[in-house]
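**Q** sequence and predicted model, in that order:
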Amino acid sequence: MDDKRDLLILGGGLVGMTLALTAASRGFTSHVVDRADPADLTAEGFDGRASAISTASWNLFRHIGMTEALEPHGCPIDTIAVSDQLRPGRIDFRPEPHEGSLGRMFANRQLRLSLFEAARGEKRIAWHSSAEVVERTRDEFGASVRLADGTRLGASLMIAADGRGSPTREQAGIPVAKWQYDHSAIIAGLLHEKPHGNVAWEIFYPAGPFALLPLLDDQQGRHRSALVWTVSQRDGAGVVKLGDRAFLAEVEKRMGGLFGALAVSGPRASFPLGFHHTAKITAQRLALVGDSGHGIHPIAGQGLNLGLRDVGALVQVLEDGRRLGLDPGDTQLLARYETWRGLDAFSVALATDGLTRLFGVPGRTASAIRRLGMGAVQRLPVLKDWFMDEARGVSGDRPAMLEA
């Protein structure tokens, strides 16, 4: 066996690499195996998506020494504006000045660049990129994989961080409930005349949410936002293929002149949207993190943050176990992780699914009822504070590294 380590992390994306770095900060060694070439993942234009990093997730990055590298690239979210078709009755979520921002927006490419750079300098991480796993083995003594080049890697605990279609989860035979929304998310970068004021907009239309997420101005001082526009799946490919003028005309209809004149920045892409949630997130010497265990609608921007909560909880469980002399793959530790994360992930998944369906009900009556409810939330500080705490990830039983 080549170089047996504490953890064998299959998948080196945002969640998998954050897990490796978080574990390393607590003295755990890991193999990170990913089939992708990091040069492809960080190439200009490869992925135009952006992610909201909640307050709790930012605390995690601070605990592992990542905030200095990330800070210059993140745009604070000072307000979240929620509207039903830009009609009267919107909600503005704005924390008190002493509470800081609601989060920070980062281009996914920049998150990858910073995480990969940190991983290259971390001796406790053995990173195997462009590597194909051809065999996975777990038993009472440990976990291992065989790569296509014949290399065997071993560890005490295997971790599936290999995405929605996780082959590791499938091989383990873990049941998963899933369905498609018959929607696609159109991802695009926008340049706009007026500043966004660090406001993230979530505008709901019957076809799906239309989100405008604030980014830092570019090097020429131009104002930028990331667009996540939900359309029916049958329209997704057509919207991506529209010429810039026709595309911007459709976008402007839904923005109501919020940011003035618009221009497209970078390529557009379309991603199918679906829901999935596993019946459990552990098996013998196996733990699931991130999208391998739960995939949710991007309606509330919580997908990555949910995965980072998995990271914080799993590393805390492993650290507590080490103090008791327990192996990272011990069944007691995996049971604690299952109990801790299973309910929270399921609750968030159900909430986002419910919001998607609620705001998708067509008709003036449904819209009027939604706006009446939103108006009530706007007028009740207790409800607003609860929603803001959920968005910032500062409610519930949080791992220590997600605390301030």
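**A** All right, it came through fine.
**Q** ok, K194 - contacts?
**A** By C-beta atoms under 8 Å, 6 or more residues apart in numbering, K194 lies in contact with H223, L258, F259, G260. C-betas here are computed from N, CA, C, even on glycine.
**Q** distance of it relative to I281?
**A** Going from K194 to I281 by C-beta to C-beta, to the nearest Å gives 44 Å.
**Q** same check on A261?
**A** On the measure of C-beta to C-beta, A261 and I281 end up 47 Å apart.
**Q** more crowded one of those two?
**A** With neighbours defined as other C-beta atoms under 10 Å, A261 and I281 compare such that I281 has more, 26 against 11.
**Q** pLDDT score for that one?
**A** pLDDT for I281: 96.
**Q** what do you get for E122?
**A** E122 is given a pLDDT of 97.
**Q** can you count the residues close to it?
**A** 17.
**Q** so, low pLDDT: which residues of the stretch 251-400 of the chain?
**A** By pLDDT under 70, the low-scoring segments of the stretch 251-400 of the chain are 297-301, 345-391, 395.
**Q** at 80 instead, please
**A** Within the stretch 251-400 of the chain, the ranges that satisfy pLDDT under 80 run 275, 295-303, 342-397.
**Q** where do the strands sit along it?
**A** 262-278, 282-283, 286-288, 294-295 (DSSP state E, counting those that start in this stretch).
**Q** now for the last one, which elements pack on it?
**A** In terms of contacts (3 or more C-beta pairs under 8 Å, 6 or more residues apart in numbering; DSSP states H and E), strand 294-295 is packed against strand 262-278, helix 331-359.
**Q** let's see it at 10 Å
**A** strand 176-192, strand 262-278, helix 303-323, helix 331-359 (3 or more C-beta pairs under 10 Å, 6 or more residues apart in numbering; DSSP states H and E).
**Q** D139 contacts Q284, doesn't it?
**A** Yes - between D139 and Q284 there is a contact under C-beta atoms under 10 Å: 7.4 Å.
**Q** settle it for me: which of the two has more neighbours?
**A** Higher neighbour count among D139 and Q284: Q284, with 13 against 9, using other C-beta under 10 Å.
**Q** show me the contacts for S232.
**A** Y181, D182, H183, S184, A207, G208, V239 (C-beta atoms under 10 Å, 6 or more residues apart in numbering).
**Q** what pairs with it across the strands?
**A** For S232, the beta-bridge partners are H183 (DSSP bridges).
**Q** ditto for G189
**A** Beta bridges link G189 to A226, S265, judged by DSSP bridges.
**Q** the one 10 residues further on now?
**A** On the basis of DSSP bridges, V199 is bridged to T79.
**Q** wouldn't it be in contact with D78 here?
**A** Yes - taking C-beta under 10 Å as the definition, V199 is a contact partner of D78 at 6.9 Å.
**Q** how much space between L41 and F210?
**A** Applying C-beta to C-beta to L41 and F210 gives a distance of 27 Å.
**Q** swap that for R336, sorry
**A** 40 Å.
**Q** okay, those two: which has more neighbours?
**A** The neighbour count for R336 versus F210, taken as other C-beta under 10 Å, is higher for F210 (22 against 19).
**Q** show me where the stretch 51-200 of the chain dips below the pLDDT cut-off.
**A** Short version for the stretch 51-200 of the chain, where the test is pLDDT under 80: 88-90, 95-101, 179-181.
**Q** where do the strands of it begin and end?
**A** Assigned by DSSP E, counting those that start in this stretch, the strands in the stretch 51-200 of the chain fall at 75-77, 79-84, 91-93, 103-107, 125-128, 133-139, 142-147, 152-160, 176-192, 199-205.
**Q** helices and strands around the fourth one, which ones?
**A** Looking back up the chat, that one is strand 103-107. strand 50-54, helix 55-63, helix 67-70, strand 75-77, helix 108-120, strand 208-215, strand 223-232.
**Q** contact partners for the residue nearest to M105 when sequence neighbours are not counted?
**A** Closest residue in space to M105, ignoring its immediate chain neighbours: C75 at 4.6 Å, by C-beta to C-beta, 6 or more residues apart in numbering. By C-beta under 10 Å, 6+ apart, the residues touching C75 are 50, 52, 101, 103-107, 196, 198, 200, 213-217, 224-226.
**Q** again, 7 Å this time
**A** Going by C-beta atoms under 7 Å, 6 or more residues apart in numbering, C75 touches R104, M105, N198, P214, L215, L216.
**Q** and if you look at S54?
**A** Counting by C-beta under 7 Å, 6+ apart, S54 has contacts G103, N305, A391, R392, G393.
**Q** at 10 Å what do you get?
**A** 60, 77, 101-104, 301-302, 304-306, 308-309, 390-394, 402.
**Q** for the closest residue to it other than its chain neighbours, what are phi and psi?
**A** Distances taken as C-beta to C-beta, 6+ apart put G393 closest to S54, at 3.9 Å, once the chain neighbours are dropped. The phi and psi torsions at G393 (degrees, to the nearest 10) take the values phi 70, psi 30.
**Q** how about the most centrally placed residue in the chain, what does it touch?
**A** The geometric centre of the chain, computed from its C-alpha atoms, lies nearest to L304 (C-alpha atoms, centre = their mean), at 1.5 Å. L304 makes contact with 13-15, 18, 49, 51-54, 57, 106, 108, 111, 290-291, 298, according to C-beta under 10 Å, 6+ apart.
**Q** got the contact list for M401?
**A** 22, 25-26, 56, 59-64, 308, 311-313, 315-316, 319.
**Q** now, which of the contacts of C75 sits nearest R341?
**A** Within these, distances to R341 taken as C-beta to C-beta reach their minimum at R104, with 23.5 Å.
**Q** leaving out sequence neighbours, find the closest residue to that closest one.
**A** In space, R104 is closest to G74, 3.6 Å off (C-beta to C-beta, 6+ apart).
**Q** how near is V240 to P38?
**A** Taking C-beta to C-beta, one finds V240 at 26 Å from P38.
**Q** and R49, by the same measure?
**A** 17 Å.
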